[in-house]
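Trainee: Pasting the sequence and the predicted coordinates here, then a few questions.
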Amino acid sequence: MADNAPAPDAPVLFFDSGVGGLSILKPARALLPNMPVVYAADNAGFPYGTKSEAELTARVPALLGRLVERYRPRIAVIACNTASTIALAAIRAALDIPVVGTVPAIKPAALASKSRVIGVLGTDATVRQPYVDRLAAEHGADCTVLRHGSAALVAYAEARLRGEPADPAIPADALAGLFDQPGGERMDMVVLACTHFPLVEDELAAASPRPLAFLDGGAGIARRIAYLNGDAPWPSDPPSGQAIFTRRDESMSALAPALAGYGLTQINVL
Ligand code: DGL
């Protein structure tokens, strides 16, 4: 084993502002069942999607530096489109381990779209990023790429995972933000460009006036983690998964049942 090989119980760190990264954790656990997991939710900084580029660039790389120092992960997964499209380069520069980002799945959507109209549903911060312009230009040059940001749908997903009531009109309103744009009536693919949104994909599908295909990057990220891990062994009996919050608040206990469903049975504060 090379000198720099990770300890067998070194975890993979998943990072998001809240519970959204669970949509990335799920396919990763399915592919790599013995992977030790630390899931970090920056609830003190939530939500990211309404923050400025400057705020997020100042906050996220430094926070990841602390998390990596504390938990010594073998790989960090930025399970958040907002943080990835704004700060991936700065995060990579701050860390000395492999970093996997989450960026909108515009490429597969453009490959699959028959109507050549694609929707990108993300946060306000993500949908305005030049990173998204580049993805659209590179992979969807012959497509109309509609974009809409919905902070309400992020809050809706958080409420659902806490088991709290949420306004049932929110998924339809979020989709209307795409359908109501010129060309929206022909849209056949919706890229779920915020990791919170696959958690409420059933609600989005039920709220859609007509069938749509929803795409996200979770499966590709799982394969990327496996590839970057290479031959480094996983423990035969991995420790139970940990959820780490950046601030103690009442949502921690409300989320415990949902977190346990993803193997995160220990809950701590950074
Ligand atoms: N889950 C995050 C994303 O993928 C951000 C949600 C938020 O904090 O606004 O963009």
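Mentor: It's in.
Trainee: which residue ranges form the strands in this protein?
Mentor: Secondary structure of the chain (DSSP state E): strands at 12-16, 37-41, 75-78, 99-100, 117-122, 144-149, 189-192, 213-215, 241-245, 264-269.
Trainee: I'd like to know which of the ones you listed is closest to Lys51.
Mentor: Nearest of these to Lys51, taken as Cβ to Cβ: strand 144-149 at 12.2 Å. Bear in mind the C-beta positions are built from the backbone N, C-alpha and C, glycine included.
Trainee: In the closest one, which residues are buried?
Mentor: Of the residues in strand 144-149, those buried by neighbour count under the rule 16 or more other Cβ atoms under 10 Å are 144-149.
Trainee: Distance to Leu67 and mean pLDDT for the strands of the chain - can I get that in JSON lines?
Mentor: Below are the strands of the chain laid out as JSON lines (distance: least, Cβ to Cβ, whole Å; pLDDT from 0 to 100):
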{"stretch": "strand 12-16", "distance to Leu67": "6", "mean pLDDT": "98"}
{"stretch": "strand 37-41", "distance to Leu67": "5", "mean pLDDT": "98"}
{"stretch": "strand 75-78", "distance to Leu67": "8", "mean pLDDT": "98"}
{"stretch": "strand 99-100", "distance to Leu67": "12", "mean pLDDT": "98"}
{"stretch": "strand 117-122", "distance to Leu67": "24", "mean pLDDT": "98"}
{"stretch": "strand 144-149", "distance to Leu67": "26", "mean pLDDT": "98"}
{"stretch": "strand 189-192", "distance to Leu67": "25", "mean pLDDT": "98"}
{"stretch": "strand 213-215", "distance to Leu67": "29", "mean pLDDT": "98"}
{"stretch": "strand 241-245", "distance to Leu67": "7", "mean pLDDT": "98"}
{"stretch": "strand 264-269", "distance to Leu67": "12", "mean pLDDT": "97"}
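Trainee: With distance to Ala256 added, can I get the ones you listed in a markdown table?
Mentor: Formatted as a markdown table, the strands of the chain follow (distance: least, Cβ to Cβ, whole Å):
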| stretch | distance to Ala256 |
| --- | --- |
| strand 12-16 | 17 |
| strand 37-41 | 13 |
| strand 75-78 | 22 |
| strand 99-100 | 27 |
| strand 117-122 | 28 |
| strand 144-149 | 30 |
| strand 189-192 | 25 |
| strand 213-215 | 28 |
| strand 241-245 | 8 |
| strand 264-269 | 6 |
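Trainee: Single out the most deeply packed of those.
Mentor: Here the criterion is mean neighbour count by mean count of other Cβ atoms under 10 Å, and of those the winner is strand 12-16, at a mean of 29.
Trainee: what about the chain, any weak spots by pLDDT?
Mentor: Low-confidence segments of the chain, defined by pLDDT under 70: 1-4.
Trainee: which bits of it sit near the ligand?
Mentor: 16-18, 20, 46-49, 80-82, 123, 126, 154, 194-196 (Cβ under 6 Å from any ligand atom).
Trainee: Mind checking which of those residues are in helices?
Mentor: By the criterion of DSSP state H, membership of those in helices covers 81-82, 126, 154.
Trainee: Quickly list what the closest residue to Gly183 other than its chain neighbours is bridged to.
Mentor: Sequence neighbours aside, Thr144 is the residue nearest to Gly183 in space, at 4.5 Å (criterion: Cβ to Cβ, 6 or more residues apart in numbering). Under DSSP bridges, the beta-bridge partners of Thr144 are Val117.
Trainee: quick one, what contacts Thr144?
Mentor: 116-118, 183, 186 (Cβ atoms under 8 Å, 6 or more residues apart in numbering).
Trainee: now with 10 Å?
Mentor: Going by Cβ atoms under 10 Å, 6 or more residues apart in numbering, Thr144 touches 113, 115-119, 136, 181-184, 186-187.
Trainee: ok, now Cys80?
Mentor: 14-18, 20-21, 24, 41-42, 48-49, 56, 60, 86-87, 101-102, 123, 126, 194-196.
Trainee: rewinding a little: name the nearest of the contacts of Thr144 relative to Asp249.
Mentor: Among the contacts of Thr144, Gly119 lies closest to Asp249 (Cβ to Cβ), at 33.3 Å.
Trainee: which residues does His196 contact?
Mentor: His196 touches 16-23, 47, 49, 80-81, 122-123, 150, 153-158, 160-161, counting by Cβ under 10 Å, 6+ apart.
Trainee: Cheers, nothing more for now.
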